[in-house]
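Q: Quick one, what's the 3D model for this:
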Amino acid sequence: MITNRMKVAIIGATGSIGQELLINLLKRKFNIVATYNKNYKIVDTFPKVEWKKLDIKINKKNYFKFLGSPDIIVNLAWPDIPNYKLKNHFKTFYYQKRLNYNLIKNGLKNLIILGTCYEYGKKNGKISEKMKAQPVVPYAIAKLKLLESILVLKKKKNFKFTWLRPFFVYGKNKKRKTLFSLINEFDKKKITKLNVCGSLIRDFISINFLSLTIIKIILLYKDFGVINVCSGKGTLLKNFIKKHLKIKKNIKKINMDGKNPNDFESNSFWGDNSKLKKITLL
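A: So this is what the prediction gives:
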């Protein structure tokens with residue numbers, strides 16, 4: 001285990017997960033470098049963070065040195081979400097592969113990357129890391145290709161590597177509409193109609209839970225491979241909505257008989273969190 005004075009670089013720190021991670025890292029007094037690729041106001045929100053403007057489409061000779069030669073890098077960057085079916089994800093794979101190869105080649109010793117539970121494909125029931133990944137949508141296919149490329153690199157280079165597969169993350173998200181934000185808007189009467197498929201069973205985790213899990217992995221400073229980040233249980237979408245509605249009677253006004261817009265998902269799946277529990281002692 002390395003102390004919390006280590007230097008941590010967060011690639012893609014302007015997203016909702018990145019912002020939550022920064023908040024929790026700063027509480028622990030890490031030395032933090034964070035990247036952004038546009039002039040976000042978030043740069044002013046976290047003045048104690050060293051910010052670097054980074055566009056991974058523009059190749060650099062040494063990304064590792066550019067980021068201040070950190071002890072560990074957490075790579076959260078991936079555009080075009082939630083447009084999971086875009087072919088552009090394969091271009092992102094190319095740039096991400098080049099970036100991560102460059103980091104390792106130039107001296108990075110520990111890399112954490114955020115994958116997705118969609119890598120497993122259209123499977124039902126409890127999903128463990130031992131199951132074969134069979135993604136069916138470009139976003140998840142591109143993510144799996146990146147994982148496979150890094151595993152190939154790992155046979156040639158000595159570095160620690162963790163690939164996190166979060167399940168369904170909820171919490172504040174200023175950049176896009178989510179089920180969680182729609183529930184809040186329904187409570188505040190900003191929207192009057194909400195159609196969902198209430199019979200879906202999903203594994204929900206809060207953005208804070210994901211953030212704290214990442215920090216535990218950072219502090220352990222080990223080689224973990226693929227880890228499901230999940231609660232280990234399935235929850236009916238209807239029950240999730242009911243739990244997070246502040247005005248409970250509003251549940252009657254929501255249409256629970258809608259169709260699932262994501263045809264690449266099964267109706268019922270959740271994560272096996274046995275490995276996560278063993279690692280983090282949850």
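
Q: Check which element follows the lowest-mean-pLDDT helix or strand in the chain along the chain.
A: Lowest by mean pLDDT, DSSP states H and E among the helices and strands of the chain is helix 42-45, with a mean of 70. Sequence order places strand 50-53 as the next helix or strand after helix 42-45, per DSSP states H and E.

Q: chain center to that following strand, what's the gap?
A: Centroid separation for strand 50-53 versus its chain: 20 Å, with CA atoms, centre = their mean, to the nearest Å.

Q: Show me what that strand packs onto, helices and strands only.
A: Packing partners of strand 50-53 (3 or more CB pairs under 8 Å, 6 or more residues apart in numbering; DSSP states H and E): strand 31-36. The way it works is simple: take the backbone N, C-alpha and C, and place the C-beta from them, glycine included.

Q: ok, the residue positioned nearest the centre of the chain - contacts?
A: The chain has residue 114 as the residue nearest its centroid, 4.7 Å off, counting by CA atoms, centre = their mean. Residue 114 is in contact with 17, 74, 75, 76, 78, 164, 166, counting by CB atoms under 8 Å, 6 or more residues apart in numbering.

Q: Please produce JSON lines containing those residues, extended by distance to residue 245.
A: Shown next, in JSON lines, are the contacts of residue 114 (distance: CB to CB, whole Å):
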{"residue": "17", "distance to residue 245": "24"}
{"residue": "74", "distance to residue 245": "33"}
{"residue": "75", "distance to residue 245": "35"}
{"residue": "76", "distance to residue 245": "29"}
{"residue": "78", "distance to residue 245": "30"}
{"residue": "164", "distance to residue 245": "29"}
{"residue": "166", "distance to residue 245": "24"}
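
Q: Closest one to residue 9 out of those, please.
A: Distances from residue 9 to these, taken as CB to CB, are shortest for residue 74 (7.3 Å).

Q: which residues sit in contact with that closest one?
A: Here residue 74 is in contact with 8, 9, 10, 11, 21, 112, 113, 114, 214, 218 (CB under 8 Å, 6+ apart).

Q: you'd agree the third one is up against residue 32?
A: Yes - at 6.8 Å, residue 10 counts as touching residue 32 under the criterion of CB atoms under 8 Å.

Q: With neighbour numbers in mind, choose between the two.
A: Each of residue 10 and residue 32 has its neighbours counted (other CB atoms under 10 Å); residue 10 has more, 30 against 23.

Q: Angles on the backbone of that one, please.
A: With angles defined as degrees, to the nearest 10, residue 10 sits at phi -110, psi 110.

Q: Report pLDDT for it.
A: Here, the pLDDT recorded for residue 10 equals 98.

Q: From residue 90, how far off is it?
A: Distance of residue 10 to residue 90, computed by CB to CB, to the nearest Å: 24 Å.

Q: residue boundaries of the strands in the stretch 101-250 of the chain?
A: Assignment of strands within the stretch 101-250 of the chain using DSSP state E, counting those that start in this stretch yields the ranges 110-114, 125-127, 160-166, 168-170, 201-202, 204-206, 225-229, 235-236.

Q: I'd like to know which of these is closest to residue 263.
A: Distance to residue 263, taken as CB to CB, is lowest for strand 201-202 among the strands of the stretch 101-250 of the chain, at 15.5 Å.

Q: Contacts for that closest one, please.
A: With CB under 8 Å, 6+ apart, strand 201-202 has contacts from 167, 168, 234, 235, 236, 237, 240, 267, 268, 269, 270.

Q: can you do 10 Å?
A: Contacts of strand 201-202 with the rest of the structure, by CB atoms under 10 Å, 6 or more residues apart in numbering, involve 117, 124-125, 167-168, 170, 179, 230-231, 233-240, 265-271.

Q: Inside helices: which ones of these?
A: In helices, defined here by DSSP state H, the members of the contacts of strand 201-202 are 179, 237, 238, 239, 240.

Q: right, and the third one touches residue 179 too?
A: Spelled out, it's residue 238. No - counting by CB atoms under 10 Å, residue 238 stays clear of residue 179, with 11.6 Å between them.
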